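Participant: Need a 3D model of the sequence below.
(chains A and B)
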Amino acid sequence: MRLRAAIYPAVGCLLLLGAWEVAGRRGVLGNTFPALSQVLAVYADGPRRALLGRSLAATLASAGTGFAAGVCFGCLVAMFSHLVPLLRGGLDRMAVLVNALPVIALGPVLIITAGREDTPAALASVPVFFLLYTATGVGLRGTSQRLEMVFTTLGASRWQRLAKFEALAALPSVLSGMKIAASSAMIGAVVGEWFGAPSGLGVVVLNSMQNFQIPLLWATVLVIALITLSGYGLLSLAERAARRKLGECAA
Amino acid sequence: MAALALVGVTRSFLRRSAAGRRESFTALGPLDLQIGDGEFVALIGASGCGKSTVLRLLAGLDEPTTGQVQINGQPPRNLQAQQALGIAFQEHALLPWRSVAGNLRLPFEVAGRAATDERIGELIALAGLKGFEHARPAELSGGMRQRVAIARALALQPKLLLLDEPFGALDAVTRRRMNFELERIWLESRPTTLLVTHSVEEAVLLADRILVLTQRPGRVRMDVRVPFARPRAAALMRSAEFHLLVDELTANLESG
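Facilitator: Below you'll find the model as predicted:
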C-alpha cells in the first residue's frame, strides 16, 4: 500500500516533466519556454555551474541570516509580550504594521540605511519576524487550560510557567511558523538582491532575463524552488517530530 | 475550628439571553459552608450545579461575585504562594515530555525546594508506580496517570487537596480500584480534602461528609456525615447501610 501511495505522485511528476520536455522542444509556448533537457544542460556546463554555485552560497547566506534573525527576534518579542501582557496590544499592532508593509516598498529604504550588501538579509528577516511572532504567540496562548491551572495552584511565577511549560508546549507551533517562514526568507533574499546586491541568485535571475539567457534563467529559478521546498520539507519533519515528542499538551 | 469557610458566596456569569441581550445569571449560591481540618468532604450534585465552581473558588482560580472564601483565615491566593494547595483534575494534566519522576519533581522545582530522590521514591511508591519512574504519561494507562496526578498534588504535603472528578474518565472497574487506592494514599497524610464527583458511591466510599448541592444556582440541600470506619473495605459496598445511604443521597440528587 505504501508503495502504491508513492507510485501515483511519482508517475504524476514524470508525466508533468515529460510534458515540459515535449512542449519545450516543439516550442508550443514560444521561445522563452525551453525544454527541460536544455535547462538541465546548464547544470552540466562548468562556468555556469560555478556561477550558480557562488550565487547560491550568497543567497543562502543572506536568507539564512535573515531567517535566523527573524526567528530569534520574533520568538523573543512574542515571549516578552506574553510575560508583560500590558505590552501585548501594542506589540501585536506593531507586528501587523510590519507585515502590512510590502517588502518591495521597503527595499529602497533599506538600500540607503543598511546598504546593498545587507539588504537581502534585512528583507528576508521582515516577514520571518512577523510569522514567528504570530506563531509563537499562538503556541504560548494555546496551551492546555488544565496544566495552566496546575501551575497557578502551585504558585508558579510567569517566568517559571514559561520556562517549564509554555515554551516547550509552543515548540510545535514555532516550528510550524518556521516552516512557512522558510519560503518567505528565500523570497525576501531574492527580492533584496534585485536592488543591486553584488551577487546572489536574484542577481543571476535579473541578468539572465535582461541578456535573454533563457535556459540559465529557468535553471536559476529551479534552484530557488528546490531550496525553498527542501527548507519547507525539513522543517515539516522537525515539526512532526516535535509534536510526537511533546505530545498532546497543546490541546 | 473550620479550616475552610465559604461565607455568603455567590458566583454570577454573563450570558446572552434568547433576545440576544447580555444578562447576568447566578450559577452558585448563596452558599455557606465550613470544612474542618483534616476532613474529607465530597461535593455531589447534578451537572451544571456549580460543584466545580466551588472547587475553583477554593483553588483561587476564580473569584466569588459576592461573599468570602477563606482557608485558615486567608484568601486562597495566599495558599498558592505558600505552595499549600494540591489539585488534580479529571484529565490528568501531566507534562507529556516529562517522565513520571520528572512530573513529580515539578512542584518542588516551582517551590524552589529540593526534591530528594528519596522523597520522589516515596511518592512513586505512594502512587504504586515502582518500575515506571522513567515512563512518559503516554506510556501509562488512564488509572496510572491519575495516580501520578494525585501523587503530584500531594508532593508538597498541601494543607488543602482539591480533586475535580479525578476518576471521571476511567472505566467502572478501574474507578472502583482507584477509590480504594485514593483512600490508602489519603490516610498517609490526611490533608483537608474536597472531592467533586458525579458518583454517589464514590462519595460514600471516600468521604467523612457529603454535601449535596441543588440544581442551579447551587446551594447546600443536604449535609450528611458518613459513619463508616476507615480504612473502608470492599465488603462495605455489599452492606445494607452502605446501600441505604447511597439510595437516600441518590433520591435527594434526583429531586434536584
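
Participant: Surely B:Gly67 forms part of a helix?
Facilitator: No: using DSSP: H, G, I helix; E, B strand; the rest coil, the assignment for B:Gly67 is strand, not a helix.

Participant: what bits of the chain have low per-residue confidence?
Facilitator: This is for chain A. Low-confidence segments of chain A (pLDDT under 70): A:1, A:247-251.

Participant: To clarify, I was referring to chain B.
Facilitator: B:1-2, B:256.

Participant: the helices in it, which residues?
Facilitator: For chain B, the helices defined by DSSP state H cover B:51-59, B:76-81, B:100-111, B:117-126, B:142-154, B:172-189, B:200-206, B:240-254.

Participant: and the gap between A:Leu229 and A:Ser183?
Facilitator: 8 Å (C-beta to C-beta, to the nearest Å). C-beta coordinates here come from the backbone N, C-alpha and C atoms, glycine included.

Participant: out of those two, which sits in the busier spot?
Facilitator: Just comparing A:Leu229 and A:Ser183: by other C-beta atoms under 10 Å in any protein chain shown the higher neighbour count belongs to A:Ser183, 18 against 13.

Participant: picking up where we left off before, switch the helices of chain B over to CSV; also include mean neighbour count and distance to chain A.
Facilitator: Below are the helices of chain B laid out as CSV (neighbours: other C-beta atoms under 10 Å in any protein chain shown; distance: least, C-beta to the nearest C-beta, whole Å):
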stretch, mean neighbour count, distance to chain A
helix B:51-59, 23, 5
helix B:76-81, 18, 4
helix B:100-111, 21, 5
helix B:117-126, 16, 15
helix B:142-154, 23, 8
helix B:172-189, 16, 17
helix B:200-206, 23, 20
helix B:240-254, 14, 26
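
Participant: In JSON lines: the ones you listed, plus distance to A:Phe212.
Facilitator: Compiled in JSON lines, the helices of chain B are given as follows (distance: least, C-beta to C-beta, whole Å):
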{"stretch": "helix B:51-59", "distance to A:Phe212": "72"}
{"stretch": "helix B:76-81", "distance to A:Phe212": "72"}
{"stretch": "helix B:100-111", "distance to A:Phe212": "64"}
{"stretch": "helix B:117-126", "distance to A:Phe212": "73"}
{"stretch": "helix B:142-154", "distance to A:Phe212": "67"}
{"stretch": "helix B:172-189", "distance to A:Phe212": "76"}
{"stretch": "helix B:200-206", "distance to A:Phe212": "82"}
{"stretch": "helix B:240-254", "distance to A:Phe212": "86"}
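
Participant: quick one: contacts of stretch A:74-85?
Facilitator: Residues outside stretch A:74-85 that contact it (C-beta atoms under 8 Å, 6 or more residues apart in numbering or on different chains) are A:87-88, A:91-92, A:95, A:128-137, A:140-141, A:158-159, A:162, A:166-167, A:174, A:177.

Participant: and if we set it to 10 Å?
Facilitator: A:87-92, A:94-95, A:125, A:127-141, A:157-159, A:161-163, A:166-167, A:170, A:174, A:177-178, A:181 (C-beta atoms under 10 Å, 6 or more residues apart in numbering or on different chains).

Participant: Show me the strands in chain A, by range?
Facilitator: Here chain A has no strands by DSSP state E.

Participant: residues near the closest residue to A:Ser173 other than its chain neighbours, how many?
Facilitator: Excluding its sequence neighbours, the residue lying closest to A:Ser173 (C-beta to C-beta, 6 or more residues apart in numbering or on different chains) is A:Gly139, at 2.9 Å. If you count neighbours by other C-beta under 10 Å, A:Gly139 ends up with 25.

Participant: And the residue nearest the centre of the chain?
Facilitator: With no chain named, the answer covers chain A. A:Ala182 (1.5 Å; C-alpha atoms, centre = their mean).

Participant: please go with chain B instead
Facilitator: Short answer for chain B (C-alpha atoms, centre = their mean): B:Leu163, at 1.7 Å.

Participant: ok, the closest residue in space to A:Leu131 that isn't next to it in sequence - contacts?
Facilitator: Of all residues not flanking A:Leu131 in the chain, A:Ala181 sits nearest, at 4.3 Å (C-beta to C-beta, 6+ apart). Applying C-beta under 10 Å, 6+ apart, we find A:Ala181 in contact with A:66-67, A:70-71, A:74, A:124-125, A:127-132, A:135, A:188, A:231-232, A:235.

Participant: Please apply the same query to A:Thr136.
Facilitator: With contacts defined as C-beta under 10 Å, 6+ apart, A:Thr136 is in contact with A:71, A:74-79, A:81-82, A:166-167, A:170-171, A:173-174, A:177-178.

Participant: Restricted to helices, list those residues.
Facilitator: Short answer: these in helices (DSSP H) are A:71, A:74-79, A:81-82, A:167, A:171, A:173-174, A:177-178.

Participant: The residues you listed, buried ones only, as a PyMOL selection?
Facilitator: Per 16 or more other C-beta atoms under 10 Å in any protein chain shown, the buried members of the ones in helices among the contacts of A:Thr136 correspond to this PyMOL selection:
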select buried, chain A and resi 71+74+75+77+78+79+81+82+167+171+173+174+177+178
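
Participant: what's the spacing between the residue nearest to A:Leu131 and chain B?
Facilitator: Taking C-beta to the nearest C-beta, to the nearest Å as the measure, A:Ala181 falls 24 Å from chain B.

Participant: Return the distance of that residue relative to A:Thr228.
Facilitator: From A:Ala181 to A:Thr228 the distance is 11 Å (C-beta to C-beta).
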